[in-house]
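J.: what's the 3D shape of this:
(one chain, ligands or ions: 1)
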Amino acid sequence: MATKNRIFSIAISLSAAFFSAQNNAIRTYHLDLKENPANIKIQPTMYGIFFEDINFAADGGIYAELIKNRSFEFDEPFTGWKQPHTKTLSQNLDSGFLTFYSDPAKTNKNYARITVLNDKNYILENEGFRGIGLHLGEQYDFSFDLENVSGNIAAVNARLVDENGKEISSVSTIIRKKGWQKYNTVLQSPRTVEKARLQITFTGNGVVNMDMISLFPQDTWKGRKGGLRKDLVQKLYDLQPGFLRFPGGCIVEGRTLAERYQWKKTVGNVADRGYLINKWSTGFPHRLTPDYGQSFGLGFFEYFQLSEDLGAEPVPILSCGMACQFNTAELVKMEDLDPYVQDALDLIEFANGDSATTKWGKLRADMGHAKPFNLKFIGVGNEQWGADYIERYKVFEKAIHAKYPDIKIISGSGPSPDGEFFEYGWKELKQLNAQIVDEHYYNSPDWFMKNAARYDHYDRSGPKVFAGEYAAQSVGVVKPDNKNNWLTALSEAAFMTGLERNADVVYMTSYAPLFAHAEGWQWTPDLIWFNNLKSYATPNYYVQKLFSNNRGTDLLTIENKGKALSGQENLFATAVKDINKNEIIIKIVNTDLQAKKISINPVNMKVGKKFTQIFLSAPQLSSENNFTAEPVKPKEETSAFKNGKISTEIPANSLVILKLNLL
Ligand code: AHR
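T.: Okay, here's the model as predicted:
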């Protein structure tokens, strides 16, 4: 309740606009709908997805592996593992405990050596990612690599237990060989359990080495083995995104250069991929997450494949030799930049190169995708700023365009939508004829409403804009009390009308961050929240979905008394035509406490006599969705024209989409 009151008091102080209704009479606004004289196209990439491995988005999230630290690569190799009946995690081999061996020649260096002296007592347990989520009736692939070192261990037994230690399911695997071997078996769950644990016991006594201990649901997205969590990908698919940006975000840059994201370490055989602590594990003192690593099971091949599954353009963002400027700001020297540039060139070859004649194209084919991924965009750096960035950007641009002139390069303009760094970045990038500039804004709902006309005055002949990270913050940036409430979503909708109205300048947009585990998050607000079993869509998600699903192909003009609606009397509007579906789509946002009547006159257009209305609103500005209910969800109805016009009422604090057929 206290939080609710807080949200309301913030809403009141933030936006006088919300509470400006001074009389009770509902006003009618007459709007003219016309063809856009400039023939402006809506880019297919207009609404996309920003994916970053923050908040357990990858491991513990969309990557469906259920075992945390399956290959013992964490800096603290016991992370996620326990031996409930042993007193300490001693390294003493005689005591029958677990110990770790390391082979520095390999990327997957560590494995567990388990000495079992009393097979009745010994248990090795994994806690999963805040538990292991199991669904009634589902099958789970259990696999592990094992080397039988000595003794007479005859079987490895796996059992899933619930929160109270009660057995849910079990299976035994007979150990046959001496040398390293992969073992696969299947567990079925007769119950739905949110926080199960995996326990491994042994039949016989002796010494074994174990690695890659893995548990995967069989029911993944597209049924792929070792694949992605189905409910989460479905939510992305439903957005019909125009692009998928990956892998971030600051994770691209790393806290240090050594911790930057290196795509080459994320491709090839899953067991041989690198491991890296997640940058966000120490992102915020109030949300420390020491058990947050990157197994890279979701690596660059999988990101490209996901883009293809979603029908979205892949948009990889690469390190430009600058570590996160909020952390160490470590810089690679200009004379040492080559390997970074080469990574970018090789990535383009990995995505598009011939599968028979190029090294990286061949790797792609070996991984199961002989056809190129048809990469068109690449990002140089994430949220970089200053002269050091421009200097490095120039080198990347020259090398990429010399070899791949058709690839569109995305450059950064820093972490803020204005100020010294932003102005400097834009000035320089304009002079360099940069193609697409990435802008980031995390700001108050009030800022979003007041900035709906932000792009009205952008230079039409300069670089195009990628609004690559944005989200309204109900309390403040990186405040742990931020909520995904209706106020934030509504303000984003108001702002988005301005993005769309300026589709000749704004080519790409994405909300950020995308995912958050309800118990493993570091940053809020986020578009989609999940736990080990379920997920829910926020009000912000539904705003994104309505805009994206109704993006259209050509911009139209919708005006009141010859002026675009960008917040006058708390009304915002944009309109598009979809030439493939023969439809007109009008998006109207009313951020007023009072409903508004509108009447729309389609000028020189032949349209049908009925129209569809999709309403998105909420009982209160503080309304949120949650795991059990989604009170903020679109509702659809059909209406008829009155006197040759569309007349309707736009409820207080709502987004309304109107759709009509073109004859
Ligand atoms: O979206 C969370 C973070 O915000 C991103 O990683 C970074 O680019 C921005 O500062």
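
J.: where does the stretch 351-500 of the chain dip in pLDDT?
T.: Within the stretch 351-500 of the chain, no range satisfies pLDDT under 70.

J.: mind listing the helices in it by residue range?
T.: Remark: helices assigned in the stretch 351-500 of the chain by DSSP state H, counting those that start in this stretch are 359-366, 387-403, 420-431, 445-450, 486-501.

J.: Minimum distance to the ligand: which of the ones you listed has it?
T.: helix 420-431 (12.8 Å; Cβ to the nearest ligand atom). The C-beta positions use only the backbone N, C-alpha and C, and glycine is treated the same way.

J.: List the contacts of the closest residue to the ligand within the chain.
T.: Per Cβ to the nearest ligand atom, Gly249 is where the chain lies closest to the ligand, at 3.1 Å. Residues near Gly249 by Cβ atoms under 8 Å, 6 or more residues apart in numbering: 50, 52-54, 317, 382, 469, 512-513.

J.: Determine the number of other residues adjacent to Val478.
T.: 15 (other Cβ atoms under 10 Å).

J.: again but with Gln188, I slipped
T.: 15.

J.: same check, this time on Lys376
T.: 16.

J.: So which residues on this structure come close to the ligand?
T.: Listed as neighbours of the ligand in the chain under the rule Cβ under 6 Å from any ligand atom: 52, 54, 248-250, 382-383, 415, 440, 469, 512-513, 523.

J.: what's around Phe611, how many residues?
T.: 21.

J.: give the contact list for it.
T.: By Cβ under 8 Å, 6+ apart, the contact set of Phe611 is 638-641, 646, 658-660.

J.: at 10 Å what do you get?
T.: Residues counted as contacts of Phe611 (Cβ atoms under 10 Å, 6 or more residues apart in numbering) are 583-584, 586, 600, 637-641, 646, 648, 658-661.

J.: any idea how far Phe572 is from it?
T.: 19 Å (Cβ to Cβ, to the nearest Å).

J.: tell me which element Thr115 is part of?
T.: Using DSSP states H and E, Thr115 sits in strand 110-116.

J.: Quick one: low-confidence residue ranges for this structure.
T.: 1-24, 86-97.

J.: Confirm Val186 sits in a strand?
T.: Yes - Val186: assigned to a strand according to DSSP: H, G, I helix; E, B strand; the rest coil.

J.: number of nearby residues for it?
T.: Val186: 12 surrounding residues under other Cβ under 10 Å.

J.: Residues in a beta bridge with it, which ones?
T.: Asp141 (DSSP bridges).

J.: tell me the contacts of it?
T.: 139-143, 169, 171, 218.

J.: Return the residues in contact with Ser307.
T.: Neighbours of Ser307 in contact, by Cβ under 10 Å, 6+ apart: 48-49, 51, 241, 243-246, 313-316, 351, 373-375.

J.: Most widely separated two among those residues?
T.: Using Cβ to Cβ, the contacts of Ser307 span at most 18.7 Å, a distance reached by Phe51 and Asn374.

J.: between these two, which one's more packed in?
T.: Phe51 (27 against 12).

J.: Nearest residue to that one in space, please, no chain neighbours.
T.: Phe246 (4.6 Å; Cβ to Cβ, 6 or more residues apart in numbering).

J.: Do I have it right that that neighbour meets Leu236?
T.: No - under the criterion of Cβ atoms under 10 Å, Phe246 is not in contact with Leu236, lying 11.6 Å apart.

J.: Now for the two: what residues contact both?
T.: With Cβ under 10 Å, 6+ apart as the test, Phe246 and Leu236 both reach 49, 51, 306, 514.

J.: where's the third one, which helix or strand?
T.: Think Leu306. Assigning secondary structure by DSSP H and E places Leu306 in helix 300-310.

J.: That helix to helix 359-366, inter-axis angle?
T.: Between helix 300-310 and helix 359-366, the angle comes out at 60 degrees (axes from the mean of the first three to the mean of the last three Cα atoms, to 10 degrees).

J.: Quick check: buried residues in helix 300-310?
T.: Of all the residues in helix 300-310, those buried under the rule 16 or more other Cβ atoms under 10 Å are 300-310.

J.: do stretch 191-203 as well
T.: Applying 16+ other Cβ under 10 Å to stretch 191-203 flags 193, 195-203 as buried.

J.: Next: stretch 223-234.
T.: 227-230, 232-233.

J.: Arg27 - how many residues pack around it?
T.: 14.

J.: Let me see the contact set for it.
T.: So, once contact is read as Cβ under 10 Å, 6+ apart, Arg27 ends up touching 21, 569, 571, 592, 594-598.

J.: try His517
T.: 55-57, 60-61, 129-130, 289, 292, 526, 529-532, 535.

J.: same question, Ile213
T.: Contacts of Ile213 by Cβ under 10 Å, 6+ apart are 67, 69-72, 81, 111-112, 124, 126, 142-146, 156, 158, 198, 200.

J.: In PyMOL, how would I select the buried members of those?
T.: Selection of buried members from the contacts of Ile213 for PyMOL, criterion 16+ other Cβ under 10 Å:
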select buried, resi 67+69+70+71+72+81+111+112+124+126+142+143+144+145+146+156+158+198+200
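
J.: Restricted to strands, list the contacts of Ile213.
T.: Among the contacts of Ile213, the members found in strands (DSSP state E) are 81, 111-112, 124, 126, 142-146, 156, 158, 198, 200.

J.: can I get those in CSV with distance to Thr185?
T.: Below are the ones in strands among the contacts of Ile213 laid out as CSV (distance: Cβ to Cβ, whole Å):
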residue, distance to Thr185
Trp81, 20
Tyr111, 19
Ala112, 19
Leu124, 16
Asn126, 16
Phe142, 5
Ser143, 7
Phe144, 9
Asp145, 13
Leu146, 12
Val156, 9
Ala158, 7
Leu198, 13
Ile200, 12
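
J.: residues touching Glu73, list them.
T.: Each residue near Glu73 by Cβ under 10 Å, 6+ apart is listed here: 79, 100, 102, 107-111, 211, 273-277, 293-295.

J.: and stretch 503-513, how far from the chain's centre?
T.: In terms of Cα atoms, centre = their mean, to the nearest Å, the centre of stretch 503-513 is found 15 Å from the chain centre.

J.: Span of it from start to end?
T.: 23 Å (Cα to Cα, to the nearest Å).

J.: do the same with stretch 111-127
T.: For stretch 111-127, the end-to-end distance is 18 Å (Cα to Cα).

J.: do the same with stretch 322-342
T.: Per Cα to Cα, stretch 322-342 runs 15 Å from first to last residue.

J.: ok so, going back, let me have the helices of the stretch 351-500 of the chain in TSV, extended by mean neighbour count.
T.: Output for the helices of the stretch 351-500 of the chain, formatted as TSV (neighbours: other Cβ atoms under 10 Å):
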stretch	mean neighbour count
helix 359-366	18
helix 387-403	17
helix 420-431	17
helix 445-450	22
helix 486-501	28
